[in-house]
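**Student:** sequence and predicted model, in that order:
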Amino acid sequence: MNNQTQSKILIVDDAVENIKLVTEILNRPKNEYHIEAAGDGYEALEKVKKFDPDLIMLDVVMPGIDGFEVCQILKEDEKTRLIPIVMITALDSQQDRLRGLESGVDDFISKPFNVYELLARVKNLLKLRSYISELEHAEQVIFSLARAVEAKDNYTEGHCERLSILAQHLGTELQLADEDLIVLKRGGILHDIGKIAIDDSILLKPGPLTAEEFEIIKTHPEIGENICRPLKTLKPVLPIIRYHQERFNGSGYPEGLAKHEIPIHARIIGLVDCYDALTTDRTYRKALPSDFAIQIMNKETEAGLWDPDLFKLLKEILASAKYKTIF
C-alpha cells in the first residue's frame, strides 16, 4: 500500500523492543499503516511537525520529558490538538489515568496489552481522526469562501485579519475566556461570508446604494448564517454572522436588536468592523486618520449606535503603546 494512502502512526517509546513489537502487531498480516518511531519526548515533538501523524501511541516513562508533558504540549497547540493520542503504559493507578486525562490523552492501553484490544482501539481512533479531518476540510472550504469575498475588492484586503486581531484584543481586555477569543477570531473572518451571494455590481459600487440595493445588502447576515449553520463546529460563530450589523439603539438589521439583546461577540465585531472600514481605503473614499475615525464613532456612540463601554475600551486599546505596532 502506498504511504500516501496509509494512515500514519507515530510510536513514542524509549525501548526499541517495544516499538518493534507494536509495529509488528499493527502491520501484520498486511502493511496497513505507515509507522514511524521516536525514542523520547523531544524527538516525538520534532517528528510530529515533520510526519504529521494521524495517531500517536505514547509511552509515559521516558528520558527528558515524559509522556504526560508531551501530550499536554501537543494538545495546547492549535496545529496538533486534534491528533488522537493513546497512552500505552505499565502505570495503571487512578492517579496516573487522571493525570493523563488532564493532559488530554484520548485513550489508554495498559501493559501487558491484549493484541486484539490494541488493534480495535487503534482502528477506532483512526476512524475518529478521519471524521475530524473531514470536518476540518469542510471548515477550510468555508473559510476560503470568506476570504474569496474579501478578495473581490482590493480595498478590503486584510480586513478580516485585522478585525480578528482587534476583536481578540477587546476580548482579552474584557477577560473573556479562551473559547470566546477563538469565537472572535473566527467571527472576524466569517462575519461577511454572506456577501458571496451579493452581486459584484452592488458590492463594489463606487457610489451610494439605492434603497433597493441596500435591501439586498441587508440579506447578507442571514445568508452567511445559512452557509455556516450545517457545520456544528461553527455554531458559536453564528450569532456574530447574523447580528454583527445590529446597532445598540435598535436601528440595525436583520432583527433590530438593541443594547444587550445583541450578543457580546457581535457587538465587538460590529464595532471593530466600523473602525476598520473608516481607517482603510474604500472604493468611495480614502482612508481616514485614526483620530478622525474615532471622532466620527464618538458621535455615533452618542447617537446610540455603539455600546459605549466597548467603544471606550476600543479607544483605550488604540491609544495603548502595546498595540501601536499592530494598528
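**Tutor:** Received, thanks.
**Student:** only C-alpha atoms from now on, for both contacts and neighbour counts.
**Tutor:** Fine.
**Student:** now the element after the lengthiest helix in the chain, going C-ward?
**Tutor:** Longest helix in the chain, counting residues (DSSP state H): helix 115-151. Of the helices and strands lying after helix 115-151 in sequence (DSSP states H and E), the nearest is helix 159-173.
**Student:** buried sites along the longest helix of the chain?
**Tutor:** 118, 122, 125-126, 128-129, 139, 142-143, 145-147, 149-150 (16 or more other C-alpha atoms under 10 Å).
**Student:** pretty sure residue 7 contacts residue 51?
**Tutor:** No - counting by C-alpha atoms under 8 Å, residue 7 sits too far from residue 51 to count as a contact (11.3 Å).
**Student:** which one's more surrounded, the two?
**Tutor:** residue 7 (18 against 14; other C-alpha atoms under 10 Å).
**Student:** beta partners of the more buried one?
**Tutor:** Judged by DSSP bridges, the bridge partners of residue 7 are residue 33.
**Student:** and the one 5 residues further on, by the same measure?
**Tutor:** Here residue 12 sits in beta bridges with residue 38, residue 58, as judged by DSSP bridges.
**Student:** what about the nearest residue to residue 228 once chain neighbours are set aside, how many neighbours?
**Tutor:** Once flanking residues are discounted, residue 228 sits nearest to residue 234: 6.5 Å by C-alpha to C-alpha, 6 or more residues apart in numbering. Counted with other C-alpha under 10 Å, the neighbours of residue 234 add up to 17.
**Student:** repeat for residue 230
**Tutor:** 11.
**Student:** dump the residue contacts of it.
**Tutor:** Residues near residue 230 by C-alpha atoms under 8 Å, 6 or more residues apart in numbering: none.
**Student:** need the nearest residue in space to residue 166, chain neighbours excluded.
**Tutor:** residue 272 (6.8 Å).
**Student:** distance of that neighbour from residue 191?
**Tutor:** Residue 272 sits 12 Å away from residue 191, going by C-alpha to C-alpha, to the nearest Å.
**Student:** and if you look at residue 286?
**Tutor:** 23 Å.
**Student:** which of those two has more neighbours?
**Tutor:** residue 191 (30 against 12).
**Student:** quick check: that one touching residue 241?
**Tutor:** Yes - with contact defined as C-alpha under 8 Å, residue 191 and residue 241 form a contacting pair (4.4 Å).
**Student:** which residues do those two both contact?
**Tutor:** By C-alpha under 8 Å, 6+ apart, the residues touching both residue 191 and residue 241 are 221, 224.
**Student:** right, and residue 142 touches residue 229 too?
**Tutor:** No - contact status for residue 142 versus residue 229: not in contact, 10.9 Å apart, counting by C-alpha under 8 Å.
**Student:** now the strands: where do they sit in this protein?
**Tutor:** 7-12, 33-38, 55-58, 85-89, 107-110 (DSSP state E).
**Student:** pull the distance from the last one to the chain's centre.
**Tutor:** Here the centre of strand 107-110 is set off from its chain's centre by 29 Å, with C-alpha atoms, centre = their mean, to the nearest Å.
**Student:** could you list the buried residues of that strand?
**Tutor:** Buried, per 16+ other C-alpha under 10 Å, within strand 107-110: 107, 108, 109.
**Student:** make a markdown table out of the buried residues of helix 115-151 and add pLDDT and distance to residue 280.
**Tutor:** Listed next are the buried residues of helix 115-151 as a markdown table, based on pLDDT from 0 to 100; distance: C-alpha to C-alpha, whole Å:
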| residue | pLDDT | distance to residue 280 |
| --- | --- | --- |
| 118 | 85 | 57 |
| 122 | 88 | 51 |
| 125 | 87 | 47 |
| 126 | 88 | 46 |
| 128 | 79 | 44 |
| 129 | 80 | 41 |
| 139 | 71 | 28 |
| 142 | 81 | 25 |
| 143 | 78 | 22 |
| 145 | 78 | 22 |
| 146 | 80 | 19 |
| 147 | 76 | 17 |
| 149 | 76 | 17 |
| 150 | 75 | 13 |
